[in-house]
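Undergrad: Below: sequence and its predicted model.
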Amino acid sequence: MSDATVILEAVTKTYGGRAAVSELSYSLQPGQVVALVGHNGAGKTTQIKMMLGLTRPDAGRLQVLGADPVHGTGARRQLGYLPESVQFHLAFTGRETLGFYAQLKGLPARGHDALFQRVGLAEAADRPVRGYSKGMRQRLGLAQALLGTPRLLLLDEPTSGLDPALRRELYGIVAELARAGATVLLSSHALTELEDQAARVIVVNRGRKIADGTMAELRRLAGLPSRLRFRADASPDNRATRAGDYWQIELAEDEKAPALRQVIAAEAREITLEDPSLDDIYAHFLKREAA
Ligand SMILES: Nc1ncnc2c1ncn2[C@@H]1O[C@H](COP(=O)(O)OP(=O)(O)OP(=O)(O)O)[C@@H](O)[C@H]1O
């Protein structure tokens, strides 16, 4: 699609003869929240660095916000980036830090109170970063990524080291930005946590894309069973096996509704139906790749 925020076409990046990214193609659309998942060394950060124009592909075509990221300094202003580990000058206050990043982006140094408010740092804005907790530094990192209302937000492992409340807040901000039309790329190992956050998941392994789709599509492609669990004196379904105090049945998509009706009719208790998690799906695609 021509309005894609990011386009990769057969992009390859090699370090010392070893491909960190290999003939990778995908495009990201406005309003999409996309999870980029893969093991350590799968090539996630390399892709983000290429999108930022910090490193150049050896082959293929890469376009970010309509320009080659290495030359497109105008496009860079519409781009927000939260690196995996955020380093700040400890003697600066939060406000000075944000002012510094604002100027790098060609924005006024002052007048970012709303942003401090948004990331929950309004009270601490005038205190030196030295006294900030890890979570507060991460909030400040997020604030600098959000400067100038970016059209593309690249978040590298954004929730590592964050407490659950702050994670929720971060995903809330991500969803809000996407609703306003931004593209958000979240790189992560925290797969299960991303399930409800990302509408699309791109799985990479050794620099190659091995799966790409919505959770529902990946679930269908993987063909992994869902798990129905319940308590009952006797199981109404002879496929059930014992799992501790529970009965358990593995079910394909089209078997879910009939099995559920059956256990409800048998007045089973503590019924749960669990679809395969992103972790299960990811493991499935990796195993298929290794086979
Ligand atoms: N500047 C570099 N010089 C040499 N090799 C590099 C460089 N940057 C990355 N690599 C190699 O490229 C591969 C992909 O690295 P990359 O950092 O993109 O992976 P990643 O998926 O982000 O990993 P992680 O989850 O550990 O951050 C790795 O084998 C890494 O060692």
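TA: Nice, I can see it.

Undergrad: how many neighbours does residue 63 have?
TA: 18 (other Cβ atoms under 10 Å). In short, each C-beta sits where N, CA and C put it, glycine included.

Undergrad: Distance-wise, check it relative to the ligand.
TA: Relative to the ligand, residue 63 is positioned 20 Å away (Cβ to the nearest ligand atom, to the nearest Å).

Undergrad: and the longest helix along the chain, what does it pack onto?
TA: Scanning the chain for the longest helix, with DSSP state H as the assignment, gives helix 164-179. Other elements packing on helix 164-179 under the criterion 3 or more Cβ pairs under 8 Å, 6 or more residues apart in numbering; DSSP states H and E are strand 33-37, helix 134-146, strand 152-156, strand 183-188.

Undergrad: does the first one come close to the ligand?
TA: No: legend: contact between strand 33-37 and the ligand by Cβ under 6 Å from any ligand atom is lacking; minimum distance shown is 8.4 Å.

Undergrad: Could you tell me which residues make contact with residue 56?
TA: 50, 70 (Cβ atoms under 8 Å, 6 or more residues apart in numbering).

Undergrad: same check, this time on residue 175
TA: Residue 175 is in contact with 33, 197, counting by Cβ under 8 Å, 6+ apart.

Undergrad: how much space between it and residue 203?
TA: Separation of residue 175 from residue 203 (Cβ to Cβ, to the nearest Å) stands at 22 Å.

Undergrad: do the same with residue 109
TA: 41 Å.

Undergrad: How is the closest residue to residue 47 other than its chain neighbours classified with respect to secondary structure?
TA: Once flanking residues are discounted, residue 47 sits nearest to residue 21: 5.9 Å by Cβ to Cβ, 6 or more residues apart in numbering. Here residue 21 is strand, with the state taken from DSSP: H, G, I helix; E, B strand; the rest coil.

Undergrad: who does residue 21 bridge with?
TA: As for beta bridges, residue 21 partners with residue 13 under DSSP bridges.

Undergrad: For it, grab the count of nearby residues.
TA: Neighbour count for residue 21, taken as other Cβ under 10 Å: 29.

Undergrad: before we move on, what about residue 102?
TA: Other residues lying near residue 102 total 20 when counted by other Cβ under 10 Å.

Undergrad: Can you give me the distance of the closest residue to residue 129 other than its chain neighbours to residue 125?
TA: Among residues not flanking residue 129 along the chain, residue 88 sits closest, at 4.7 Å (Cβ to Cβ, 6+ apart). Distance from residue 88 to residue 125, counting by Cβ to Cβ: 13 Å.

Undergrad: repeat for residue 229
TA: For residue 229 relative to residue 125 (Cβ to Cβ), the value is 49 Å.

Undergrad: same thing with residue 260?
TA: From residue 260 across to residue 125, the span is 52 Å (Cβ to Cβ).

Undergrad: Residue 223 too?
TA: Residue 223 sits 51 Å away from residue 125, going by Cβ to Cβ.

Undergrad: who has more neighbours, the two?
TA: residue 125 (19 against 10).

Undergrad: List the contacts of the more buried one.
TA: Residue 125 makes contacts with 93-95, 98, 113, 116, as judged by Cβ under 8 Å, 6+ apart.

Undergrad: can you pick the most crowded of those residues?
TA: Going by other Cβ under 10 Å, residue 94 tops the contacts of residue 125 with 28 neighbours.

Undergrad: wait, what's in contact with that residue?
TA: Residue 94 sits next to 116, 121, 124-127, 129, 132, 140, 143 when contact means Cβ under 8 Å, 6+ apart.

Undergrad: Can you tell me how far the nearest residue to it once chain neighbours are set aside is from the ligand?
TA: Excluding its sequence neighbours, the residue lying closest to residue 94 (Cβ to Cβ, 6+ apart) is residue 125, at 4.6 Å. Separation of residue 125 from the ligand (Cβ to the nearest ligand atom) stands at 30 Å.
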